[in-house]
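*Asks:* I would like the atomic coordinates for the input below:
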Amino acid sequence: MPLAMAAARLTARSDADLIQASKRGDLSRFEEIYAAHAGRMKSIAFHLLADRADAEDAVQEAFLKIYRAAGAIQFDSGLAPWIYRILLNCCYDACRKRRRQAGSPLPDEPPAIANNVPLQVAIRHALARIHPQYRMVFWLFEVEGFRHSEVAAILEIPEGTSKKWLFEAKRELKRLLTESRA
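*Replies:* Here you go, the predicted model:
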């Protein structure tokens, strides 16, 4: 089934219906959830882990956890925040595993950029230097297109905090980019 078709069908069904069908063993409904969210999840995981293989592993692990926990989900804030919270936890687990294997903290470097466009490089380096919480809110809101209510649910913070952290991220980015030009 083409991805666009699956995404369109997803909007026709409620999150609760998809999870209920998944709980009953209807794998095609779970595949709809995967089709609708996997691309964005891979983007977020790659941003956090800076390694394509690790990002794909984290997404796979997240979907395994989502499938196993489908019976326990409560729909307070919808399916998406729950899914992305699980993904973030899988990414954090991968980072901790890397650190244990390396024996020391990993450098906080952004993913390699295929084309060395100076503005992209400057933005990536500036993003790597801002506070991780600000960076995550910036990424989820500005790059992934989540609304503040969704960012707040994913990160388990108040919506006002999401807005404040985005403001702080933009202020820090502006400062760092201005310094790099000088």
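*Asks:* State the distance from Y134 to R85.
*Replies:* 18 Å (CB to CB, to the nearest Å). C-beta coordinates here come from the backbone N, C-alpha and C atoms, glycine included.
*Asks:* Not counting sequence-adjacent ones, nearest residue to I33?
*Replies:* L18 (5.5 Å; CB to CB, 6 or more residues apart in numbering).
*Asks:* tell me the contacts of the one you found?
*Replies:* 10, 29-30, 32-33, 79 (CB atoms under 8 Å, 6 or more residues apart in numbering).
*Asks:* re earlier: of Y134 and R85, who's got more company?
*Replies:* Under the neighbour definition other CB atoms under 10 Å, Y134 and R85 were set side by side, and Y134 has more, 20 against 16.
*Asks:* So which elements touch the helix or strand where Y92 lies?
*Replies:* Per DSSP states H and E: Y92 is located in helix 79-102. Here helix 79-102 touches helix 15-23, helix 27-49, helix 52-69, helix 148-155, going by 3 or more CB pairs under 8 Å, 6 or more residues apart in numbering; DSSP states H and E.
*Asks:* So which residue is smack in the middle of the chain?
*Replies:* Computing the C-alpha centroid of the chain and ranking residues by CA atoms, centre = their mean puts I44 first, at 3.5 Å.
*Asks:* Next one, pLDDT for that residue please.
*Replies:* Listed pLDDT for I44 reads 90.
*Asks:* Would you mark the buried spots in stretch 83-93?
*Replies:* For stretch 83-93, a neighbour-count test (16 or more other CB atoms under 10 Å) marks 83-88, 90-91 as buried.
*Asks:* what comes into contact with the helix holding Y92?
*Replies:* With CB under 8 Å, 6+ apart as the contact definition, helix 79-102 has outside contacts at 15-16, 18-19, 33, 37, 41, 44-45, 48-49, 54-55, 57-59, 61-62, 65-66, 69, 73, 105-106, 136, 140, 150, 153-156.
*Asks:* can you rerun that using 7 Å?
*Replies:* 15, 19, 37, 41, 44-45, 48-49, 54, 57-59, 61-62, 65-66, 73, 105-106, 150, 153-154, 156 (CB atoms under 7 Å, 6 or more residues apart in numbering).
*Asks:* What residues sit buried inside the helix or strand just after that helix?
*Replies:* Helices and strands here follow DSSP H and E; after helix 79-102, the next one along the chain is helix 118-129. Applying a neighbour-count criterion of 16+ other CB under 10 Å, one finds 123, 126-128 buried in helix 118-129.
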